[in-house]
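1. coordinates for the following, if possible.
(chains A and B)
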Amino acid sequence: MEDEVIKKFLYVNRKAPYGTIYALESLEVVLIGAAFDQDVSLAFIDDGVYQLKKDQKTSVDSGIGMKDFSKTYLALGDYDVNKIYVDKASLDERGLTADDLMELVYEDEDDDYKEKSSISIVNQDELALLMEQQDVVLSF
Amino acid sequence: MAIDVNGKTVDLDEEGYLTDLKDWNEDVAKVLASQDEIELTESHWEVVKFLRDYYDEYQIAPAVRVLTKAIGKKLGKDKGNSKYLYELFPYGPAKQACRFAGLPKPTGCI
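-> Take a look at the predicted model:
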C-alpha cells in the first residue's frame, strides 16, 4: 500500500491504575489501535507511573478484588508497542525508581530478535519534545 | 443461554462465551465445539491450551496477528500462519478458539 499514511500517536497516561477506568480504557485502545500499524508511543506521567508498578496485588484475598490487568502491559511488545516513556520527576515524587517498574521488553526484528527494554525514563524537556513530534496525542 | 455438561449447567453470554471463566474444563470445551460441529483434535487442543496459557500470563486473549506469530514461535513455523489456524477454526482462530478455551472474546474483535 503505497499511499498508506503512518501517523505518530502518543497515548498519555496520568491516572492511577484502579479507582477510575482510564488506565484500562487507554490500554485497550492501545491494543486495538495496534492493528492499524501506526507509530505508537506511550507516556506515563503523574499517578500514571503506578500503572507500570510491578507486583500489583489486586485479588479478593489480598486487595481490591479486581482483575490484575497490569500483566497485560507485558504483552505490549508482542503488539509491536515498544516505545514507553516514563517521567522521571513523577517517579521521584512518589519514591519510585526504574527498578520498581515491570520489565517491559520486545524482540528487535532488525537485530536478530534480541530482547530489548521498551522503557525509557525521560525528563520533562524530553517529554515536551516527544509531544511536539506527534501527529495525535490522546490523553487518559 | 446455558449448556449442559455432564449434568451440570454452565452459563454462556449471548455470543456463546462462558460468563464465568472458572466454569471451564475439557468437557465444556468439547460441548462448545460440538455446537459449531467441530470435533477437537490434538491440533485444536494445542491452540486452545496455548490461548489459556497466554491469557493466564497476560490477562488478555491475543489478537490474530499476535497469535499467529506466537504460535509459529512455540509450535513451529508450519503452524504459525492464518491458513493453518483458519482450517482448524473456520470462524476465526481468535474468536472461535477463545470461545472453546473458555476465554472472553478477544479485545478489539468484532
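2. shaky segments in chain A?
-> A:1-3 (pLDDT under 70).
3. and chain B, which of its residues are near chain A?
-> Taking Cβ under 8 Å from any Cβ of the partner chain, the part of chain B that reaches chain A is made up of B:57, B:58, B:59, B:60, B:62, B:63, B:65, B:66, B:69, B:70, B:107, B:108. To be clear about C-beta, it is placed using only N, CA and C from the backbone, and glycine gets the same treatment.
4. right, and the fourth one touches residue A:31 too?
-> Which is residue B:60. Yes. In this structure, residue B:60 is within contact of residue A:31 by Cβ atoms under 8 Å, at 7.1 Å.
5. so which bits of chain A are right by chain B?
-> Going by Cβ under 8 Å from any Cβ, the residues of chain A near chain B are A:28, A:31-32, A:34-35, A:67-69, A:71-72, A:74-75, A:78-79.
6. quick check: chain neighbours aside, which residue is closest to residue B:71?
-> Nearest residue to residue B:71 in three dimensions, chain neighbours excluded: residue B:80, at 4.9 Å (Cβ to Cβ, 6 or more residues apart in numbering or on different chains).
7. and stretch B:49-68, average pLDDT?
-> The pLDDT scores in stretch B:49-68 average 91.
8. can you give me the end-to-end span of it?
-> End-to-end span of stretch B:49-68 (Cα to Cα, to the nearest Å): 14 Å.
9. toward the C-terminus, what is the element adjacent to the longest helix seen in chain B?
-> Secondary structure of chain B per DSSP state H: the longest helix is helix B:42-58. Proceeding N to C from helix B:42-58, the next assigned helix or strand is helix B:64-75, under DSSP states H and E.
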